[in-house]
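Student: fold the following for me, if possible:
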Amino acid sequence: IFPHGFEIAPDGSIVSAYDSGSSLTKYDYCNNIVWRVQGQFHHSITFEGDDLIWVWQSTPGQGRWGHRLTQIDYNTGETLQDIHIVDVVKANGDIDVFGIRQLDTSENSTWIDEGGGRWHPNDIDPRPEELAVHYPQFEAGDLLVSLRSPNLVFVMEPETRRVKWWRQGLTRRQHDPDWNDRGTITIFNNNMHRKHSHIVEIDPVTYQHQIILDGRLYDFYAREKGKHQPLPDDGISVTSSDNGRGFEIDAVGKVTFEFINNFDENGKVLAVSEARYLPSDFGIDLPQWN
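Tutor: Numbering: from 1, shown residues only. Predicted coordinates:
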């Protein structure tokens, strides 16, 4: 059972999901379980404001359709929204961006049998209220979503399930698209089977894009998993999970921090789910342990 999906609040509490696990669990700063929701939650957990989180949830036995975008009250563990991916597909038939997962005959189109596989959804990131000026085309709470298998990143309105913006094929088997204070979207591009991964940036208005961290310069390749985080100095934090590696670069591309999760003297490393930068004033009022 591998922790995969993690968020930490200023009060020191932590919520975590688990690959191959069966719950989403919140722990307080003193290691007590605050609440636990049964289910298969995975990949990433993201705050919306201070009191809500979004996470992907899968329903066993439902194959490609068993994926739901789930909003949970961080304080109580109550599920507030549960958006089934089939409803997202139905709500966007006019653009049919999801139809790439179909095979066609003269009579009809059928969904590809993935052998129990998935769209491989791996991130939900609500647009923060404080970034309104940088994204006038989107509303606070619009969801930035990543589906790995179709190489698809899109923004949707949760109430109507309507897709407002999408880009397909800029990345290969990507993870973790993020908003930022430049009005662009940055994406962890695993670039599977192509030797090096990258962090790419796209302007959602002009569709201009660029590589802002070139994996060839940092011996960086993550076939799967992975996270990134924009830093206050315009640097980038990167988690290359299966390589057991986390590193940071500054605005000019210099490596300023690196962690390798070494296991033994033979070079074996253990996976790192996520490396997270916290500002110096984070958690200054943490409770005292008993």
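
Student: please state the offset of stretch 93-100 from the chain centre?
Tutor: 22 Å (C-alpha atoms, centre = their mean, to the nearest Å).

Student: can you give me the end-to-end span of it?
Tutor: 12 Å (C-alpha to C-alpha, to the nearest Å).

Student: nearest residue to the middle of the chain?
Tutor: By C-alpha atoms, centre = their mean, the chain has its centre lying nearest to D123, at 2.9 Å.

Student: that residue looks like it's in a helix, true?
Tutor: No - read with DSSP: H, G, I helix; E, B strand; the rest coil, D123 is strand and lies in no helix.

Student: measure E224 to H43 for me?
Tutor: 11 Å (C-beta to C-beta, to the nearest Å). Just so you know, the C-beta spots here come from the backbone N, C-alpha and C atoms, and that holds for glycine as well.

Student: who has more neighbours out of those two?
Tutor: Using other C-beta atoms under 10 Å as the criterion, E224 and H43 rank with H43 on top: 23 against 13.

Student: enumerate every residue touching the residue nearest to the residue nearest to the centre of the chain when sequence neighbours are not counted.
Tutor: Leaving aside its chain neighbours, D123 sits nearest to S146 (4.1 Å; criterion: C-beta to C-beta, 6 or more residues apart in numbering). Contact analysis of S146 by C-beta atoms under 8 Å, 6 or more residues apart in numbering lists 121-123, 152-153, 174-177, 187.

Student: make a ChimeraX selection of whichever of those residues turn out to be buried.
Tutor: The following ChimeraX line selects those of these that are buried, judged by 16 or more other C-beta atoms under 10 Å:
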select :121,122,123,152,153,174,175,176,177,187
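
Student: between the contacts of S146, which is closest to H4?
Tutor: Within the contacts of S146, the smallest distance to H4 is 9.4 Å, found for N122 (C-beta to C-beta).

Student: what stretches of the stretch 101-250 of the chain score poorly on pLDDT?
Tutor: 113-117 (pLDDT under 70).

Student: make it 50
Tutor: 116 (pLDDT under 50).

Student: and the closest residue to D73 other than its chain neighbours, how far from I185?
Tutor: With C-beta to C-beta, 6+ apart as the criterion, D73 has its nearest non-adjacent residue at 5.9 Å, and that residue is L80. L80 sits 25 Å away from I185, going by C-beta to C-beta.

Student: neighbour count winner among these two?
Tutor: Higher neighbour count among L80 and I185: I185, with 23 against 11, using other C-beta under 10 Å.

Student: from Q38, how far off is that one?
Tutor: The value you get for I185 to Q38, if C-beta to C-beta is used, is 33 Å.

Student: still on that earlier bit, and which of the contacts of S146 is nearest to Y207?
Tutor: V153 (11.9 Å).

Student: where does that closest one fall, secondary structure wise?
Tutor: In this structure, V153 sits in strand 152-156 according to DSSP states H and E.

Student: now do that strand: everything it contacts.
Tutor: 88, 97-98, 100, 127, 138, 142-147, 162-168, 170-171, 174, 177, 185, 187, 204.

Student: for the stretch 151-290 of the chain, which segments are assigned as strands?
Tutor: Remark: strands assigned in the stretch 151-290 of the chain by DSSP state E, counting those that start in this stretch are 152-156, 163-168, 175-178, 185-189, 198-202, 209-214, 227-230, 236-240, 245-249, 255-260.

Student: what lies in contact with the fifth one?
Tutor: The one in question is strand 198-202. 167, 170-171, 184-189, 191, 208-215, 220, 228, 236, 238.

Student: and those, which of them are buried?
Tutor: Buried by 16+ other C-beta under 10 Å: 167, 170-171, 184-189, 191, 209, 212-213, 215, 220, 228, 236, 238, out of the contacts of strand 198-202.

Student: I45 reaches I53, doesn't it?
Tutor: Yes - I45 is within contact range of I53, at 5.4 Å (criterion: C-beta atoms under 8 Å).

Student: which residues do the two both contact?
Tutor: By C-beta under 8 Å, 6+ apart, I45 and I53 have these common neighbours: 7, 15.
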